[in-house]
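Peer 1: Next come a sequence and a model predicted from it.
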Amino acid sequence: MLWLNADETSLAYQFEPRSGNRVRLPPSRNLDEYVERISLDERRCRATLVGCIAASNLPLPAEPPPQVFLVSRTAAARFVPDPLPADTPSWLTVWLENNAWVTTQLWVRWIRLVHAWRCANAPHARVVIVADALKAHHAAEVLIVMEELGMELLVLPAKLTWLL
């Protein structure tokens, strides 16, 4: 049995607040001159890392499971060098999409990527994907594809992912 604990995490180009004001105050200056509203574009300028860690009672494959860096096309220049460096690991994939949010279709695409990895590295292992309760993780389309590929899904209740 090969267990994959999968999750997504949002990555910001800069560590800015999600909303509110940005203040850059030089010494001895008036605060009102240096307050600027954070734009919606800046708040949306994020990418998502879809990743997982593997555990097994058998020896683990030498190559780690696939990790996907999901980037919106409009923010690609901030997050991803073009072309990718030659030393980019083979298990790291960059997907340029309309936005950087995980949808059912992108989750199915990631499941198929995991299946290809399993076939190449651990063809006889049964895969169980442990994921949170995001609707895209357990949509009907996902469950059908996972059944076709011989995979199982274990959904964690909401608000528990951080424990893992």
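Peer 2: Now that the structure is in, tell me what you want to look at. Residues are numbered from 1 along each chain as shown.

Peer 1: For residue 160, which non-adjacent residue is spatially closest?
Peer 2: residue 132 (7.5 Å; C-beta to C-beta, 6 or more residues apart in numbering). Any C-beta I mention is one placed from the backbone N, CA and C, and that applies to glycine too.

Peer 1: show me what contacts residue 54?
Peer 2: Applying C-beta atoms under 8 Å, 6 or more residues apart in numbering, we find residue 54 in contact with 2-4, 60-61, 64-65.

Peer 1: again, but for residue 90
Peer 2: residue 63 are the contacts of residue 90 under C-beta under 8 Å, 6+ apart.

Peer 1: give the contact list for the residue nearest to residue 156 when sequence neighbours are not counted.
Peer 2: Spatially, and ignoring its direct neighbours in sequence, residue 156 is nearest to residue 132 (5.3 Å; C-beta to C-beta, 6+ apart). When contacts are counted by C-beta under 8 Å, 6+ apart, residue 132 touches 7, 155-156, 158, 160-161.

Peer 1: again, but for residue 66
Peer 2: Residue 66 neighbours (C-beta under 8 Å, 6+ apart): 52, 91-93, 110, 113-114, 116-117.

Peer 1: can you rerun that using 7 Å?
Peer 2: For residue 66, the contact set (C-beta atoms under 7 Å, 6 or more residues apart in numbering) comprises 91, 93, 113-114, 117.

Peer 1: Keep only those of the residues you listed that are in strands.
Peer 2: residue 93 (DSSP state E).
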